[in-house]
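>>> please find the sequence and the predicted model below.
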Amino acid sequence: MQAQHFGVGQNKRIILALDQAGWHISDQVQIPEGIHLVFIPSHSPELQPAERLWPLTNEPIANRSFKSLDELEELLFHRCRNLLSQQDLISHLTFFHWWPRTIGATGCDRKPTIQVRCNRT
């Protein structure tokens, strides 16, 4: 289990904010010790800025058909890699004026930076 891999348990806890998608609230979801779920209100995209990124990922696949899931995955992988180089666009879509600014090691106020991993198996 991933939670154990990260040492989550009685002495290390994680609060995970989720939307209320059916697969998040199902009775079949097994929640490991140390993980605490907090559900954001439905229809509140301002609390989940990543929702504003869907149009960017959907754009290259709209109105297309694919011969295989591998072909779809390849296209989306390259699209996401391309979006990683567009930090200003991503920040513009996901950075809300009311979010607190972060304090870096230098003590300067700055916008949050985007840290994304492109994992491909």
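Cool, got the structure.
>>> my guess is Ala17 is in a helix, correct?
No. Assignment of Ala17 by DSSP: H, G, I helix; E, B strand; the rest coil gives strand, placing it outside any helix.
>>> bridge partners for it, pull those for me.
Counting by DSSP bridges, Ala17 is bridged to Val38.
>>> tell me which stretches of this structure form helices.
Remark: helices assigned in the chain by DSSP state H are 2-5, 22-25, 54-58, 69-84, 87-94.
>>> ok, Gln30 - contacts?
If a contact means C-beta atoms under 8 Å, 6 or more residues apart in numbering, then Gln30 has no contacts. Placement of C-beta: from N, CA and C, glycine included.
>>> what does the pLDDT read for it?
Gln30 is assigned 85 on the pLDDT scale.
>>> can you check Gln20 too?
Per-residue pLDDT puts Gln20 at 81.
>>> so where's the chain shaky on pLDDT?
For the chain, applying pLDDT under 70 flags the ranges 1, 98-121.
>>> which non-adjacent residue is nearest the residue nearest the centre of it?
Geometric centre of the chain, nearest residue: Ala50, 5.7 Å, by C-alpha atoms, centre = their mean. The shortest distance from Ala50 to any non-neighbouring residue, by C-beta to C-beta, 6 or more residues apart in numbering, is to Thr94 (6.9 Å).
>>> how many residues are close by the one you found?
17 (other C-beta atoms under 10 Å).
>>> what does Arg81 give?
By the criterion of other C-beta under 10 Å, Arg81 has 12 neighbours.
>>> how far away is the residue nearest to Val29 when sequence neighbours are not counted from Leu37?
Spatial nearest neighbour of Val29, excluding adjacent residues (C-beta to C-beta, 6+ apart): Trp23 at 7.5 Å. With the distance defined as C-beta to C-beta, to the nearest Å, Trp23 ends up 13 Å from Leu37.
>>> give me the more crowded residue out of the two.
Neighbours were counted for Trp23 and for Leu37 using other C-beta under 10 Å; Leu37 has more, 13 against 8.
>>> which residues does that one contact?
Leu37 makes contact with Leu16, Leu18, His24, Ile31 under the criterion C-beta under 8 Å, 6+ apart.
>>> okay, now the domains of this protein?
For the chain, automatic domain parsing gives the domain ranges 1-43, 45-121.
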